[in-house]
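Trainee: Structure, please.
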Amino acid sequence: MTMNVTFRQLRLFLALADTGSVSAAARLLHVTQPTASMQLREIADSAGLPLYEVISRRVHLTEAGKELARTARAIAGEWELFGQKIDAMKGLTRGRLRVAVVSTAKYFVPRLLGSFCAAHPEIEISLEVLNRDGVVQRLRDNLDDLYIMSMPPTDIDLEDQVFMPNPLLMIAPLSHPLAHRKKITVQQLSTERFILRERGSGTRMAVDAQFRKLRFSPLLRLELGSNEAIKQAVAGGLGISVVSRHALYERLEDDDVAVLDAEGFPIASQWHVVYPKGKQLSPIARVFNTHLLEQSQRWSDRAGRVTKSKGKAAASPRSTSRRR
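Mentor: Numbering: from 1, shown residues only. Next up is the predicted model:
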């Protein structure tokens, strides 16, 4: 089969896949909707199979359409990589950096991006902040340059680099009876109500694993998908919780919470920056990866100021290649 499809038509189809709307795809490519519809029909005619269907005014890709979107994305990525390499040969640093991060990383990644942009003002940044499942799906679809999370999936071949500790602390209201006690046992926590992150989040996975290790079954009151909501619930006296140190203010009093000196805590978690094994990073992504490692020490020191007296929760940066 010979497909006569232009690069611009492939970009239009990618826009359709990303937006789920012909009119939105037309706006992104600066063409009229009739023109976009005509070009999409030409692509489908060339493929010889339906590429999408419209249900309730929303575009849904067929299996053939999904395969074309993957192929088009790979082609667009290679072309952008070529452009960045040419710019690098000319001594220029410009282009786009795509980073997807789990929601807890939003507390420090924007600042790291800010200092990176200050040094490289011509670079355009695309930052996706999602729950872990959303980031893992983007990783599977190879939609971004780099992915930042605390619990990378184990069923994907990855280049995996630990760049910063992510200590998970048990917190309670400032007025809680356990707030000033030392060496709290899990037995002393048996009657406490817990407010935990939603199942599937990196924090929840680490907490569940630690509780299993301690043979402790918490009394669960709430599951919430937001660190901010959890902090407010804890401060309001609804229960105790476990959150990343990076989700808290440097002065814990500003969150109206106290860190409990509980058995098995803090949990020694880490932040990982990952990308699919075999993926060729763009020059910009390589530069940002280096920047990430250089700047992470400052955030490690910040986290350590609270956890230092409670045992080690850090790991030195290391790079590994995993095959699953």
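
Trainee: Please name the nearest non-neighbouring residue to residue 248.
Mentor: residue 255 (5.5 Å; C-beta to C-beta, 6 or more residues apart in numbering). For the C-beta atoms, the positions are set from N, CA and C on the backbone; glycine is no exception.

Trainee: scratch that, residue 145
Mentor: With sequence-adjacent residues excluded and distances taken as C-beta to C-beta, 6+ apart, residue 145 is closest to residue 285, at 3.9 Å.

Trainee: Ok, residue 277 next?
Mentor: Using C-beta to C-beta, 6+ apart and skipping residues adjacent in sequence, the residue nearest residue 277 is residue 157, 3.9 Å away.

Trainee: what about the one you found, how many residues close to it?
Mentor: 13 (other C-beta atoms under 10 Å).

Trainee: Residue 289 too?
Mentor: The number of residues packed near residue 289 is 19, by other C-beta under 10 Å.

Trainee: secondary structure class for it?
Mentor: Following DSSP: H, G, I helix; E, B strand; the rest coil, the label given to residue 289 is helix.

Trainee: Helix or strand: which one has the residue nearest to residue 145?
Mentor: helix 283-307 (DSSP states H and E).

Trainee: can you give me the mean pLDDT across that helix?
Mentor: Regarding helix 283-307, the rounded mean pLDDT is 74.

Trainee: need the contact list for the residue nearest to residue 248.
Mentor: Each residue near residue 255 by C-beta atoms under 8 Å, 6 or more residues apart in numbering is listed here: 171, 231, 235, 248-249.

Trainee: Tell me the confidence at it?
Mentor: 77.

Trainee: how far away is residue 9 from residue 36?
Mentor: Per C-beta to C-beta, to the nearest Å, residue 9 is found 10 Å from residue 36.

Trainee: which of the two has more neighbours?
Mentor: Taking other C-beta under 10 Å, residue 9 and residue 36 do not tie; residue 36 has more neighbours (24 against 19).

Trainee: Once you drop chain neighbours, what's closest to the residue positioned nearest the centre of the chain?
Mentor: Residue closest to the average C-alpha location in the chain (C-alpha atoms, centre = their mean): residue 101, at 1.9 Å. Distances taken as C-beta to C-beta, 6+ apart put residue 148 closest to residue 101, at 4.3 Å, once the chain neighbours are dropped.

Trainee: which strands and helices sit next to whatever helix or strand that neighbour lives in?
Mentor: Assigned by DSSP H and E, residue 148 belongs to strand 146-149. Other elements packing on strand 146-149 under the criterion 3 or more C-beta pairs under 8 Å, 6 or more residues apart in numbering; DSSP states H and E are strand 95-102, helix 132-141, strand 270-276, helix 283-307.

Trainee: can you redo the ones you listed as TSV with distance to residue 193?
Mentor: Formatted as TSV, the helices and strands packed on strand 146-149 follow (distance: least, C-beta to C-beta, whole Å):
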stretch	distance to residue 193
strand 95-102	26
helix 132-141	24
strand 270-276	29
helix 283-307	24
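
Trainee: where along the stretch 151-300 of the chain do the strands fall?
Mentor: 158-165, 168-173, 193-197, 219-224, 240-244, 257-259, 270-276 (DSSP state E, counting those that start in this stretch).

Trainee: Which of the helices and strands in this structure ranks last by mean pLDDT?
Mentor: Using mean pLDDT, DSSP states H and E, the weakest-scoring helix or strand in the chain turns out to be strand 318-322, at a mean of 54.

Trainee: Buried residues, stretch 15-34. List them.
Mentor: Residues 15-17, 21-22, 24-26, 28-29, 31 are the ones in stretch 15-34 that count as buried (16 or more other C-beta atoms under 10 Å).

Trainee: ok, of the residues you listed, which one's closest to residue 163?
Mentor: residue 17 (31.6 Å; C-beta to C-beta).

Trainee: Look at the closest residue to the closest one other than its chain neighbours and report its pLDDT.
Mentor: Excluding the flanking residues, the one nearest residue 17 by C-beta to C-beta, 6+ apart is residue 69, at 4.2 Å. If you check residue 69, the pLDDT there is 90.

Trainee: doesn't residue 61 make contact with residue 69?
Mentor: Yes. At 6.3 Å, residue 69 counts as touching residue 61 under the criterion of C-beta atoms under 8 Å.

Trainee: burial measure for residue 198, as a count.
Mentor: Neighbour tally, residue 198, other C-beta under 10 Å: 14.

Trainee: so what's the residue lying closest to it once chain neighbours are set aside up against?
Mentor: Leaving out its chain neighbours, the residue that sits closest to residue 198 by C-beta to C-beta, 6+ apart is residue 225, at 4.6 Å. Applying C-beta under 8 Å, 6+ apart to residue 225 gives the contacts 103, 131, 197-198, 201.
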